[in-house]
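*Asks:* sharing a model that was predicted from the sequence below.
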There are 2 protein chains.
Amino acid sequence: MLSVHSQDAVFRALADPSRRAVFEQLTRGESAVNDLTARFSISQPAVSQHLAALRKAGLVLERREGRHVYYRVEPKGLRPLVDWLTHYQAFWTDRMERLQALLKEMDE
Amino acid sequence: MLSVHSQDAVFRALADPSRRAVFEQLTRGESAVNDLTARFSISQPAVSQHLAALRKAGLVLERREGRHVYYRVEPKGLRPLVDWLTHYQAFWTDRMERLQALLKEMDE
DNA sequence: ACGACATATAAGGCGTGGCTTATATGTTGA
DNA sequence: TCAACATATAAGCCACGCCTTATATGTCGT
């Protein structure tokens, strides 16, 4: 497993509603800090701080272009969450076993 | 959908490492507050408070028996997490569609 | 009924986290 | 080069969360 980012960081990053909202917005497409700031009723530094948290958790990636910094979702960042869930597959009955198989395929 | 418990409560409940540890212990089997307190190096009230948070999030159930209160995992409580993940199935490529199908089956 | 036990709740301390404003860093275009 | 722009970082404030100890509630056994 080359998941460099801790389960804990992912859980903590997603615990905040504002941060989840930023993440969810990014799933609709890459966007610059500027754009995100316009969409939410929080200051630009607040947005930057949320993005930093998401980035440290491995949930988003940044792409610098001139004076703009574009952020996008890093799908692999959700892996720790899925792994944590599958760890308790016993509680998802036998159907979870099929999910487990699917996830193995995804290792590609 | 009769998921009475909010996504937010689930995310917040699982954000704390101690609380995840309590939850994980409960996946190994039902146990009383007493037992849990013995396993972790936190006070009994702390354990009770974590259990209350997990219960409010719908992640655990309690069963009272005499002066003991036994807690156990409520598998359905993880549903909001899974739902949240599937909402971004686009980032899990086409394989996620199959997961989606699986989850529909689980509605039973 | 009473003392020991099991758990929950109350109250307070204290660190953390998310927000703000102010400022620093860096880039673009005239 | 300089002003406007885009973002990040710094500093401080405040609320919230997790912990503690103390206490309340309720149950068991004798």
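*Replies:* Received it, and whenever you're ready, just let me know what you need. Numbering: from 1, shown residues only, chains lettered A, B, ... in the order given.
*Asks:* burial measure for the residue nearest to A:Ala32 when sequence neighbours are not counted, as a count.
*Replies:* Residue nearest to A:Ala32 in three dimensions, not counting chain neighbours: A:His68, with 4.6 Å by CB to CB, 6 or more residues apart in numbering or on different chains. The way it works is simple: take the backbone N, C-alpha and C, and place the C-beta from them, glycine included. Residues near A:His68, counting by other CB atoms under 10 Å in any protein chain shown, number 12.
*Asks:* tell me who's in contact with the residue nearest to the spatial centre of chain A.
*Replies:* Among the residues of chain A, the one closest to the centroid is A:Leu59, at 3.0 Å (CA atoms, centre = their mean). The contact partners of A:Leu59, by CB atoms under 8 Å, 6 or more residues apart in numbering or on different chains, come to A:Val10, A:Ala13, A:Leu14, A:Phe23, A:Val73, A:Glu74, A:Gly77, A:Leu78.
*Asks:* rerun at 7 Å
*Replies:* A:Val10, A:Ala13, A:Phe23, A:Val73, A:Glu74, A:Gly77 (CB atoms under 7 Å, 6 or more residues apart in numbering or on different chains).
*Asks:* gap between A:Arg67 and B:Ala38?
*Replies:* Separation of A:Arg67 from B:Ala38 (CB to CB, to the nearest Å): 57 Å.
*Asks:* which strand or helix spans A:Arg63?
*Replies:* strand A:60-65 (DSSP states H and E).
*Asks:* name the residues that touch that strand?
*Replies:* Around strand A:60-65, the neighbours that count as contacts under CB under 7 Å, 6+ apart are A:Leu26, A:Leu51, A:Leu54, A:Arg55, A:Val69, A:Tyr70, A:Tyr71, A:Arg72, A:Val73, A:Glu74.
*Asks:* do the very next helix or strand once past that strand and DNA strand C meet at all?
*Replies:* Next helix or strand after strand A:60-65 toward the C-terminus (DSSP H and E): strand A:68-73. No: counting by CB under 7 Å from any atom of the strand, DNA strand C is not contacted by strand A:68-73; separation bottoms out at 8.2 Å.
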